[in-house]
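Peer 1: what follows is a predicted structure for the sequence shown.
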Amino acid sequence: MSISRREVLALGGLGLIGAGIVTVPISTVSAKSASQLSARDMPRPYTSAFTIPPKLQPQSVTVDPDGSLVNHYNIAMRQGTAQILPRQSTGILGYNGTFPGPTIELDQGTRAVIDMRNRLPMRHPQWGHHLLATSTHLHGSASLPQFDGYASDVTAPGFCKYYQYPNFQAARTLWYHDHGVHFTAQNVYSGLAAMYIMHDPIEKKLLPQGDFDVPLIISDAMFAADGSLGFDDRDHSGLWGDVVLVNGRAWPVMKVQPRVYRFRVLNASISRSYRPSLSTGDPVYIVATDGGLMPASQAVTNWRHGSAERYEVLIDFSKYKAGTRVELRNLSNPNNRDYTDTNKIMAFDVAALTPAEESHMKLDPQWNRIPQSLAGSHVMSLTEKDSEKTRNFRVQRSGLAEPWTINGVTWEDVIASNFKLASADPRLDAVEVWEIENKSGGWFHPVHIHLIDFQILSRNGKAPFPWERGPKDVVYIGENEKVKVIMKFGPHKGRYMVHCHNLPHEDHSMMFQFRVGLAEKDIDDCDPILAAPPTLDPETD
Ligand code: C2O
Ligand code: CU
């Protein structure tokens, strides 16, 4: 076995936990590849050009009685192909048949209605699970329960569902992805994931916009010899691909101007966590987390990034000479499986400016600015004293053949209760502290709470990491970690999910629900399955 320099460094670093030094346990130094591609079919780092997913235009815009604009979108989930590999094409499932799907971008206050049509085949073309029924979740949005992608609120092929999104929250990076019960992992991995960007005036004043506001959707994949996606979740532990994709391209290279860029980094991997870091050793500046702007920017040289978390980062390329290549590397985290090139994510090539670009750049107030103070929010001003109740949750699995559970509960138990079983029942507008504990050293769990934004109060009794000091909706519960979060439950009543965002864990069946502002016997006007059922799709193409 040949050991890379990085592995030697990592092994040498064992025992130096903390102080920003990352260690990789020996067990994660594994085989060279997960894909079965021949050497010439395997993509190589930094050989493909960076691309940005297309923006989706609304089909029409109407005005609600209260004066709010409403964008109407139409999306068909379809089978398609993607050009990821140098010589073969790869079958995917995508929103409008693309991988990743089209980006929705709008302003706070503009509502959205999506006619989400399931035009997928009845069965998954490769893994044949029984029915390709989907549920679409807009992750980061306080949507009503019936539009929140409740796992068991599924839309079968040939049907469509009208999803409504309020977009009243602060500017943030959201994403929409499949949430269909038991097959979320396969569906998201096959391509049912896309970005959704909401702007507001505060963020527009502070941070780069337009061409300098760039989505980075990071995922990983493994490929079969014929170029199709491989799927191996190792007894529902996790899928660890050997190819890292950014916006659907393998280790791409982006040409950048010598100025400040804003990157909206989303980890859309179904299991893998990353620890991004620049090859120059220079810091990046974290400016926003899942729920939008942080109170203050944070300079970090790397950050731990679990599935579904979003970090907006500023990178200042103005300090590099034209011709410099800056790599975005991955230092990895314990309990991932690393392969030869999973220590790389993408590269930036700093280009010389044309005179036109130069004069244009100097007119942009954000071209060389790293703002210090950003924006406060209600959730970031909460303190433990505001909480009326503390609840404790434990994430675990008792054996390889056992399901993943939270406090011993699985989504199977919720189904068996006819969707009544709720593991928490906060009153509307209650502020609560939730303590989530992972007693295992063998797993990490990125836990997502729907509906609300939370603040991370502490991790193992200490302050949260610098990069997570902003509004969040996913928290990384690392090995032997106990994390406290605080949040206010609202503005909607009803039933919402909590789950691990390692999607094989979620599917098997690390998910429960909580019920806001309702007693179990109350009539639920916003029943997540019954209130807005799918209808037959009138269109047939
Ligand atoms: Cu991004 Cu319940 O999920
Ligand atoms: Cu998990």
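Peer 2: Now that the structure is in, tell me what you want to look at. Ligands and ions are numbered 1, 2, ... in the order given.
Peer 1: and stretch 218-226, which residues are buried?
Peer 2: Neighbour counts over stretch 218-226 (16 or more other CB atoms under 10 Å) mark Ile218, Ser219, Asp220, Ala221, Met222, Phe223 as buried. For glycine as for every other residue, the C-beta is placed from the backbone atoms N, C-alpha and C.
Peer 1: quick check, nearest of these to ligand 1?
Peer 2: Of all the buried residues of stretch 218-226, Ser219 has the smallest distance to ligand 1: 13.3 Å, by CB to the nearest ligand atom.
Peer 1: next, the closest one: secondary structure please.
Peer 2: Secondary structure, DSSP: H, G, I helix; E, B strand; the rest coil: Ser219 is strand.
Peer 1: so where's the chain shaky on pLDDT?
Peer 2: Residues of the chain that meet the criterion pLDDT under 70 lie in 1-31.
Peer 1: now do 90
Peer 2: Confidence mapping of the chain against pLDDT under 90 gives the ranges 1-33, 126-131, 362, 398-402, 539-541.
Peer 1: for it, which residues are neighbours of ligand 2?
Peer 2: Within the chain, the residues that sit near ligand 2 (CB under 5 Å from the ion) are His445, Cys500, Asn502, His505.
Peer 1: could those be laid out in a markdown table, adding distance to ligand 1, secondary structure and neighbour count?
Peer 2: Below are the residues of the chain next to ligand 2 laid out as a markdown table (distance: CB to the nearest ligand atom, whole Å; DSSP: H, G, I helix; E, B strand; the rest coil; neighbours: other CB atoms under 10 Å):
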| residue | distance to ligand 1 | secondary structure | neighbour count |
| --- | --- | --- | --- |
| His445 | 13 | strand | 28 |
| Cys500 | 10 | strand | 30 |
| Asn502 | 11 | coil | 29 |
| His505 | 12 | helix | 30 |
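Peer 1: which of the residues you listed lies closest to Leu266?
Peer 2: Asn502 (15.4 Å; CB to CB).
Peer 1: how is the protein divided into domains?
Peer 2: With domains defined by automatic domain parsing, the chain comprises 5-33+42-202, 206-361, 379-516.
Peer 1: contacting residues around the residue of the stretch 401-541 of the chain found nearest ligand 1?
Peer 2: Residue nearest to ligand 1 within the stretch 401-541 of the chain (CB to the nearest ligand atom): His448, separated by 5.0 Å. Under the criterion of CB atoms under 8 Å, 6 or more residues apart in numbering, the contact list for His448 reads His139, Ala308, Asp473, Val474, Val498, His499, Cys500, His501.
Peer 1: neighbours around the residue lying closest to the third one once chain neighbours are set aside, how many?
Peer 2: It stands for Asp473. Counting by CB to CB, 6 or more residues apart in numbering, the nearest residue to Asp473 once its immediate chain neighbours are dropped is Asp290, at 4.5 Å. As a burial measure, Asp290 scores 25 neighbours (other CB atoms under 10 Å).
Peer 1: ok, now which ones touch Asp290?
Peer 2: Contact analysis of Asp290 by CB under 8 Å, 6+ apart lists Gly140, Arg172, Thr173, Glu309, Arg310, Asp453, Gly470, Pro471, Lys472, Asp473, Val474.
Peer 1: which positions in stretch 506-522 come out as buried?
Peer 2: For stretch 506-522, a neighbour-count test (16+ other CB under 10 Å) marks 506-518 as buried.
Peer 1: reformat these as JSON lines; add secondary structure and distance to Met116.
Peer 2: Putting the buried residues of stretch 506-522 into JSON lines (DSSP: H, G, I helix; E, B strand; the rest coil; distance: CB to CB, whole Å) gives the following:
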{"residue": "Glu506", "secondary structure": "helix", "distance to Met116": "20"}
{"residue": "Asp507", "secondary structure": "helix", "distance to Met116": "21"}
{"residue": "His508", "secondary structure": "coil", "distance to Met116": "25"}
{"residue": "Ser509", "secondary structure": "coil", "distance to Met116": "24"}
{"residue": "Met510", "secondary structure": "coil", "distance to Met116": "25"}
{"residue": "Met511", "secondary structure": "strand", "distance to Met116": "21"}
{"residue": "Phe512", "secondary structure": "strand", "distance to Met116": "25"}
{"residue": "Gln513", "secondary structure": "strand", "distance to Met116": "22"}
{"residue": "Phe514", "secondary structure": "strand", "distance to Met116": "25"}
{"residue": "Arg515", "secondary structure": "strand", "distance to Met116": "25"}
{"residue": "Val516", "secondary structure": "strand", "distance to Met116": "25"}
{"residue": "Gly517", "secondary structure": "coil", "distance to Met116": "27"}
{"residue": "Leu518", "secondary structure": "coil", "distance to Met116": "26"}
